[in-house]
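**Student:** Here's a sequence, model it:
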Amino acid sequence: MMKYWKDLGISAGLLAAATFVSHIFFYQNVHSGNNIPMIYVLATFLISRFTRGYWWGIISSFISVLLINWRFTYPYFRINFMIDGYPMTFISILVIAVITNMTTTSLNVQRQEAIEREKKLEKLNEYNQQINKLTIEREKEAMRSNLLRAISHDLRTPLTGMIGASATYLEAKDYLDEEAKDKLIMGIQEDAHWLLNMVENLLSITRIQNDNDGEAAHVKKTPEPLEEVVSSAVIRFQKRYPEGKVNVKVPKEFLMVPMDPTLIEQVIMNLLENAWIHSGKHEEIDFYARQEGRNVVFYVKDYGDGIEPERMEHLFDGCAGSKDNESRKGMGIGLTICKTIIQAHQGEIHARNHENGAEFYFSLPLEEENGGMSNDGV
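**Tutor:** Okay, the predicted model is just below:
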């Protein structure tokens, strides 16, 4: 109802204004009405433009023609349809009103459709944001479940071993020779090192979660020298496993890679440790990195028994089974955390078998300015 009164007010106001202006022209030009039809044509055009539908403009055109005939055409204050040129004036104003109404109505419809489309797009964006949040929450929940599953698996075995070894030592130390005692203590020490490594892994994952704030997992990356990060990880590995031998190859050119160095060092450490354990602790490990397109790819290659095909699918989610007690090390929480760290760097991590063992490899994206660097030295 309010829109009806608004349209009525616009029509009446513009016709009144046209009549007022027409009076001014009429008296200034000594009762000459040559320009008056154009004033009403303009009024009809504006009415058609600012009102809804066809009828206001058409009705206004009829009223305009009658006003011109009655007030500004001789004999004044009388309706006379026989005046020369009157039918043409009437038809002209009516045609202009109809065309203008059709045009403005079409524009209004298009504008309304555009508004509706914009509202729909806003709703779609809201739905997409909600879906993205739900997807992220699902991924986070899956990651938490995998971590808990891996933790429960990886904690139980070394703790059970430590408890058993220590109990055996305490109960039978008087009956054990020095070699047996040393073996028990070395087993406890090995499991303690493994638990320490697990704690380091858990601390690494909290660096990602603390930066999360409801968004997809991410890390604070800074450009780091590739060679320094690799060197630090290899030195750390060799301190923990002095018997381990790693053949390292990195690009000869100085290459800066955006990363969290602490986290990537932990990934390299986990993969090297995994390779060392699964190669039987006597084979060499090949570690090399090279630039491939706009990524830097890291490879860890061992010469053990390889990965069973049935374990490949769940290798990085903490669900991979193990055929022996030793295999639990590196196949549980370590690889799960490797995947989480690499994904937080917008990279990828994979594993595959080769003819003499297994190979793990992961990629990290380079920034634009490093995209064109070559890698001929690898």
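**Student:** What segments of the stretch 251-378 of the chain are helices?
**Tutor:** 261-278, 309-312, 333-344 (DSSP state H, counting those that start in this stretch).
**Student:** Residue most distant from the centroid, this protein?
**Tutor:** Pro75 (76.9 Å; Cα atoms, centre = their mean).
**Student:** and that one, backbone torsions?
**Tutor:** phi -80, psi 130 (degrees, to the nearest 10).
**Student:** State the distance from it to Asn69.
**Tutor:** 10 Å (Cβ to Cβ, to the nearest Å). Using the backbone N, CA and C atoms, a C-beta is placed for each residue, glycine as well.
**Student:** now swap in Gly57 and tell me
**Tutor:** Between Gly57 and Asn69 the computed distance is 19 Å (Cβ to Cβ).
**Student:** Those two: which is more packed in?
**Tutor:** Gly57 (28 against 17; other Cβ atoms under 10 Å).
**Student:** so the more buried one makes contact with Phe50?
**Tutor:** No. Using Cβ atoms under 8 Å, Gly57 is not in contact with Phe50; the gap is 9.9 Å.
**Student:** just the strands in the stretch 201-350 of the chain please.
**Tutor:** Counting by DSSP state E, counting those that start in this stretch, the stretch 201-350 of the chain has strands at residues 222-225, 246-249, 256-259, 285-292, 295-301, 348-354.
**Student:** Would you mind giving those as TSV with distance to Tyr4, mean pLDDT and mean neighbour count added?
**Tutor:** Converted to TSV, those look like this (distance: least, Cβ to Cβ, whole Å; pLDDT from 0 to 100; neighbours: other Cβ atoms under 10 Å):
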stretch	distance to Tyr4	mean pLDDT	mean neighbour count
strand 222-225	66	93	14
strand 246-249	83	94	14
strand 256-259	64	93	20
strand 285-292	70	94	20
strand 295-301	66	96	21
strand 348-354	64	93	15
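**Student:** Return the residues in contact with Ile36.
**Tutor:** 22, 25-26, 68, 72 (Cβ atoms under 8 Å, 6 or more residues apart in numbering).
**Student:** and the two most separated of those?
**Tutor:** Farthest pair in the contacts of Ile36 (Cβ to Cβ) is Phe25 and Ile68. Separation: 12.0 Å.
**Student:** of these two, who's got more company?
**Tutor:** Relative neighbour count places Ile68 above the other of Phe25 and Ile68, with 23 against 16, counting by other Cβ under 10 Å.
**Student:** So which elements touch the strand or helix carrying the more buried one?
**Tutor:** Taking DSSP states H and E as the criterion, Ile68 maps to helix 55-71. Helix 55-71 sits against helix 2-28, helix 36-50, helix 86-172, with contacts defined as 3 or more Cβ pairs under 8 Å, 6 or more residues apart in numbering; DSSP states H and E.
**Student:** buried residues in it?
**Tutor:** For helix 55-71, the neighbour count (16 or more other Cβ atoms under 10 Å) marks 56-61, 63-65, 67-69, 71 as buried.
**Student:** Give the burial count for Ile277, as a bare number.
**Tutor:** With other Cβ under 10 Å as criterion, Ile277 counts 21.
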